[in-house]
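Student: Give the three-dimensional model of this entry:
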Amino acid sequence: MSEAARPDESVVWNALRTVYDPEVGENIVDLGLVYRLETRPGAVDLDITMTTPACPAAGSIAAEAEAAVRSACAPGTEVHVEVVFDPPWTPERMSEEVKQRFGW
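Tutor: The predicted structure follows:
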């Protein structure tokens, strides 16, 4: 039995760029909501956050992130998504493009 392949990190990042915060209308990568992405043989571990701990879309964003990564990886890849709030999110985490779109 061979060991499972390590998922391609760039593929995972691209999959996460398809997940949008419905209240802000930007993807979670460019918003700076992905705090940790780690690949290991047969698995992907993610820590994501929300712009506020009271975000009503936290559950759906986490589920969409998991589904996007799962669909981009080989069948059977384990995907673990944890929603964390430490450290708190700040606008400085956003990409320069998103900052410009928001006029910051």
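Student: I figured residue 64 hits residue 19, correct?
Tutor: Yes - counting by C-beta atoms under 8 Å, residue 19 is a contact partner of residue 64 at 4.7 Å. (C-beta placed from N, C-alpha, C; glycine too.)
Student: Helices of the protein, start to end?
Tutor: For the chain, the helices defined by DSSP state H cover 9-16, 58-72, 96-101.
Student: out of those helices, nearest to residue 86?
Tutor: Across those, residue 86 has its closest neighbour in helix 58-72 (14.6 Å, C-beta to C-beta).
Student: could you give the angle of the closest one to helix 9-16?
Tutor: Using axes from the mean of the first three to the mean of the last three C-alpha atoms, to 10 degrees, the inter-axis angle of helix 58-72 relative to helix 9-16 is 130 degrees.
Student: Would you mind measuring from the closest residue to residue 3 other than its chain neighbours to residue 76?
Tutor: Spatially, and ignoring its direct neighbours in sequence, residue 3 is nearest to residue 41 (5.3 Å; C-beta to C-beta, 6 or more residues apart in numbering). In this view, residue 41 and residue 76 are 11 Å apart by C-beta to C-beta, to the nearest Å.
Student: intersection of neighbour lists for those two?
Tutor: residue 4 (C-beta atoms under 8 Å, 6 or more residues apart in numbering).
Student: give me every residue that touches the nearest residue to residue 89 once chain neighbours are set aside.
Tutor: Closest residue in space to residue 89, ignoring its immediate chain neighbours: residue 49 at 4.9 Å, by C-beta to C-beta, 6+ apart. Residue 49 is in contact with 33, 35, 83-85, 88-89, counting by C-beta under 8 Å, 6+ apart.
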